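1. The sequence and its predicted three-dimensional model are supplied below.
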There are 2 protein chains.
Amino acid sequence: MSSTDGVKQTRRDQILSAAAELFARHGFHGVGIDDIGAAVGISGPALYRHFRSKDAMLGEMLTAISERLLDGGLRRVEAANGPEHALRELVRWHVDFALDDPALITVQIRNLANLTDADRRRVRALQRRYVEVWVETIRRTVPRADEPTARAAAHAVFGLINSTPHSAHLDREQMAALLSRMALAALTTAGVLDPALATP
Amino acid sequence: MSSTDGVKQTRRDQILSAAAELFARHGFHGVGIDDIGAAVGISGPALYRHFRSKDAMLGEMLTAISERLLDGGLRRVEAANGPEHALRELVRWHVDFALDDPALITVQIRNLANLTDADRRRVRALQRRYVEVWVETIRRTVPRADEPTARAAAHAVFGLINSTPHSAHLDREQMAALLSRMALAALTTAGVLDPALATP
DNA sequence: ACGTGTGGTTAACGCACGTTTACGCAGGGT
DNA sequence: ACCCTGCGTAAACGTGCGTTAACCACACGT
């Protein structure tokens, strides 16, 4: 290992982001080891100098994403003053993430099933904790929402924000603003999360 | 072919819905031809009595979904009186579809990339027409929204509603009501779709 | 100069899996 | 009686692909 290991990581990371792009476009099984190699200028089995297996790439990729999401979410919520501010920050954080790394978002949504059992458990645990951050923040902002409702609403907002890879007709800032407003409207419009309401 | 061919279809349809369930859970490439056979009580290559290939199954499945979605959407919009009513009906239609067939929704989202080029073109064309129905309805209801904004909003609402397979903590009616309210709030809250607004 | 580790190469292996083939068997129209 | 068609089976085929093996070369500390 080097002292700061800031440079040492480049090759692994380069491979990971190329693989993420390919996995997002063609699916895990739709991408060959040779394709990933070609994408970074080396060919085929050279990847095994950097990763134990193809599954290990996906595992590392998805745990890294989940950790980044959770950490960022926690930090934003802690730094916020007041629940509404925390919710706005959370929305903004997720929107930025989705807009900056659409490939990672796509892979995380589409390829959970291709993980090793051990990796999947790890990723799911991280995702659950991230959802809990949202659930708590939502319930602090909208006290009438019970827990199952808040959880379902959180998933729904993830779906809304993660729709980004399918759109891309707006420029980044307009898209960020639109998604943020839609997410907040869906969560905080009066009565929307009230479990006592019947079908409108 | 039989006269009414109502019974003749059962076997094909039985296979298709079993395959949809499996594709949704494990992904197209994660499911073997033998797995699909086993799911309907026959084993392995017997499927080739009913489908030309594994790709053909996915193709037929996805075009059927896309056609159902488009047809239902068109019918609801035509039958509605007034744009707001049409939008409510559209939301309700998509919500019902997503809640009744979560496997189909999952497959359509995750496995577009595994289609034949010809099939993919067909499906994409149907999807585009469905999006257009939404875009027009949204713009009639929210005149301030320009077309790219309405299109991005439509995709976002699809993501919101299609989040259903990841939740399932609420019973069907509560879930339907929640998703409908969130979708309508995201679309119709004052100013949300106004392209002139900057980041909040 | 020299071993050593790091990151490449090409060739080969082995297996999973989609597809094909050859075969069997009930049923119903002539 | 008979054969044709529909639907099933089991075995064989071929190949794509993840992984391993054997080999090579440059960088570099001593």
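-> Good, I have the coordinates. Remember, it's a predicted structure, so these values are computed and weren't measured experimentally.
2. contacts and neighbour counts: CA atoms only from here.
-> Noted.
3. What parts of chain A come near DNA strand D?
-> For chain A, the residues in contact with DNA strand D (C-alpha under 7 Å from any atom of the strand) are A:29-34, A:44-45, A:48, A:52-55.
4. Output stretch A:164-174 as PDB, restricted to C-alpha atoms.
-> What follows is stretch A:164-174, C-alpha atoms only, in PDB (Å, rounded to 0.1, in the frame of the first residue of the first chain):
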ATOM      1  CA  THR A 164     -33.900   9.800 -13.500                       C
ATOM      2  CA  PRO A 165     -32.000   7.200 -15.700                       C
ATOM      3  CA  HIS A 166     -35.200   6.900 -17.900                       C
ATOM      4  CA  SER A 167     -35.700  10.600 -18.500                       C
ATOM      5  CA  ALA A 168     -32.800  12.900 -19.100                       C
ATOM      6  CA  HIS A 169     -34.700  15.300 -21.300                       C
ATOM      7  CA  LEU A 170     -34.000  18.200 -18.900                       C
ATOM      8  CA  ASP A 171     -30.700  19.700 -18.000                       C
ATOM      9  CA  ARG A 172     -29.300  18.800 -14.600                       C
ATOM     10  CA  GLU A 173     -30.400  21.800 -12.600                       C
ATOM     11  CA  GLN A 174     -34.000  21.800 -13.900                       C
END
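5. Among the residues of chain A next to DNA strand D, which one lies nearest to chain B?
-> Nearest to chain B out of the residues of chain A next to DNA strand D is residue A:29 (C-alpha to the nearest C-alpha; 6.3 Å).
6. which non-adjacent residue is nearest that closest one?
-> residue B:29 (6.3 Å; C-alpha to C-alpha, 6 or more residues apart in numbering or on different chains).
7. So that neighbour is in contact with residue A:31, correct?
-> No: the criterion here is C-alpha atoms under 8 Å, and residue B:29 misses it with residue A:31 at 11.1 Å.
8. so where's chain A shaky on pLDDT?
-> Low-confidence segments of chain A, defined by pLDDT under 70, span residues A:1-8, A:198-200.
9. Name the SS class of the residue nearest to residue A:29, please.
-> Secondary structure, DSSP: H, G, I helix; E, B strand; the rest coil: residue B:29 is coil.
10. give me the number of residues near it?
-> Residue B:29 has 15 neighbours, counted by other C-alpha atoms under 10 Å in any protein chain shown.
11. Need phi/psi at it.
-> The phi/psi pair for residue B:29 (degrees, to the nearest 10) reads phi -80, psi -20.
12. Kindly report the same for the one 3 residues further on.
-> Listed backbone geometry of residue B:32 is phi -90, psi 160, with angles given as degrees, to the nearest 10.
13. same question, residue A:167
-> According to degrees, to the nearest 10, residue A:167 has phi -110, psi -90.
14. list the contacts for it?
-> Applying C-alpha atoms under 8 Å, 6 or more residues apart in numbering or on different chains to residue A:167 gives the contacts B:151, B:152, B:155.
15. same deal with residue A:96?
-> residue A:176.
16. try 10 Å
-> Counting by C-alpha atoms under 10 Å, 6 or more residues apart in numbering or on different chains, residue A:96 makes contact with A:90, A:102, A:161, A:172, A:173, A:175, A:176, A:179, A:180.
17. Residue A:183 too?
-> By C-alpha under 10 Å, 6+ apart, the neighbours of residue A:183 are A:88, A:91-92, A:95, A:153-154, A:156-161, A:177, B:156-157, B:160, B:182-183, B:185-187, B:192.
18. do residue A:26 as well
-> A:32, A:107, B:111, B:112, B:113, B:114.
19. about what we covered before: list only buried entries from the residues of chain A next to DNA strand D.
-> When these are checked for burial by 16 or more other C-alpha atoms under 10 Å in any protein chain shown, the buried set is A:29, A:32, A:33, A:54.
20. I'd assumed residue A:32 was in contact with the last one.
-> Yes: the pair formed by residue A:54 and residue A:32 meets the contact definition of C-alpha atoms under 10 Å, at 9.1 Å.
21. Give me the buried entries from the contacts of residue A:183.
-> Using 16+ other C-alpha under 10 Å, the buried ones in these are A:88, A:91-92, A:95, A:153-154, A:156-161, A:177, B:156-157, B:160, B:182-183, B:185-187, B:192.
22. In helices only, show me those residues.
-> Judged by DSSP state H, the buried ones among the contacts of residue A:183 include A:88, A:91-92, A:95, A:153-154, A:156-161, A:177, B:156-157, B:160, B:182-183, B:185-187 as members of helices.
23. and DNA strand C, which of those reach it?
-> Contacts with DNA strand C are made by none of these, judged by C-alpha under 7 Å from any atom of the strand.
24. OK, contacts around the residue most central in space within chain A?
-> In chain A, the residue lying closest to the centroid (C-alpha atoms, centre = their mean) is residue A:105, at 4.8 Å. Residue A:105 is in contact with A:20, A:24, A:62, A:65-66, A:97-99, A:161-165, counting by C-alpha under 10 Å, 6+ apart.
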